[in-house]
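J.: output the structure for:
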Amino acid sequence: MSQPTPEEAARALREVSDRRAQGLRGTVHPRWVWVLAGAFLAGYLAAMDLLPEDARGWVSWAFAAVMLVYALGVRSRFASTLMGQSARANLGSVPVRPRVFYLIGLLVCTGLLMLVLHLLQVPHMMIVYGVVVGVYLSLLGPRTQAWILAAKARD
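T.: Numbering: from 1, shown residues only. As a prediction, this is how the structure comes out:
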């Protein structure tokens, strides 16, 4: 067996890296799913702020039903294919540290945003919060998911 030349070794390493990146791209939800999730969450929070008290219960049940259908749907091959996700990541093997850092950062930012909105006495605070969270999901959701999945690939 002959030794590969440096060029062949570099090409082989590039191919492995490209395949790994391709696999990671296949596990990230497409942008339209994130935009739809952000719009849905913003609409839900706006409804919770604007609707009368007796209607909020029905809206919450509808929200829970949609989340349940989504959570079960992404577990099936058929629904994942419909959403444009060609592969599914095994999140059980993703290291805990990046997920914990992300969740702690998200909770701190959420708490600070709610505190600032409360201190400024912003009317319809839930609508403002829903729009901010919806924009976050739409713009940064795919990057965040890719970052967490890339942590798995590094380990």
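
J.: next, residue 42: phi, psi?
T.: phi -60, psi -40 (degrees, to the nearest 10).

J.: give me the neighbour count for it.
T.: Neighbouring residues of residue 42 were enumerated by other CB atoms under 10 Å; the total is 22. Using the backbone N, CA and C atoms, a C-beta is placed for each residue, glycine as well.

J.: and the nearest residue to it once chain neighbours are set aside, how far from residue 144?
T.: Residue nearest to residue 42 in three dimensions, not counting chain neighbours: residue 134, with 3.4 Å by CB to CB, 6 or more residues apart in numbering. Remark: distance between residue 134 and residue 144 (CB to CB, to the nearest Å) = 14 Å.

J.: the two - which one has more neighbours?
T.: Summary of the neighbour comparison: residue 134 and residue 144, criterion other CB under 10 Å, with residue 134 having more neighbours (22 against 18).

J.: could I get the contacting residues of the more buried one?
T.: Residues touching residue 134, when contacts are defined by CB atoms under 8 Å, 6 or more residues apart in numbering, comprise 38-39, 41-42.

J.: got a list of what residue 45 touches?
T.: 126-127, 129-130, 133.

J.: filter the residues you listed to the buried ones?
T.: Of the members of the contacts of residue 45, the ones counted as buried by neighbours, 16 or more other CB atoms under 10 Å, are 126-127, 129-130, 133.

J.: what count of nearby residues applies to residue 10?
T.: Taking other CB under 10 Å as the criterion, the count of residues near residue 10 is 11.

J.: any idea which element it lies in?
T.: With the criterion set as DSSP states H and E, the secondary-structure element containing residue 10 is helix 6-27.

J.: again, but for residue 126
T.: In the assignment (DSSP H and E), residue 126 maps to helix 125-154.

J.: where are the low-confidence patches of this protein?
T.: 1, 20-27, 85-95, 151-155 (pLDDT under 70).

J.: and the closest residue to residue 147 other than its chain neighbours, what element?
T.: Spatial nearest neighbour of residue 147, excluding adjacent residues (CB to CB, 6+ apart): residue 98 at 7.1 Å. Assigned by DSSP H and E, residue 98 falls within helix 96-119.
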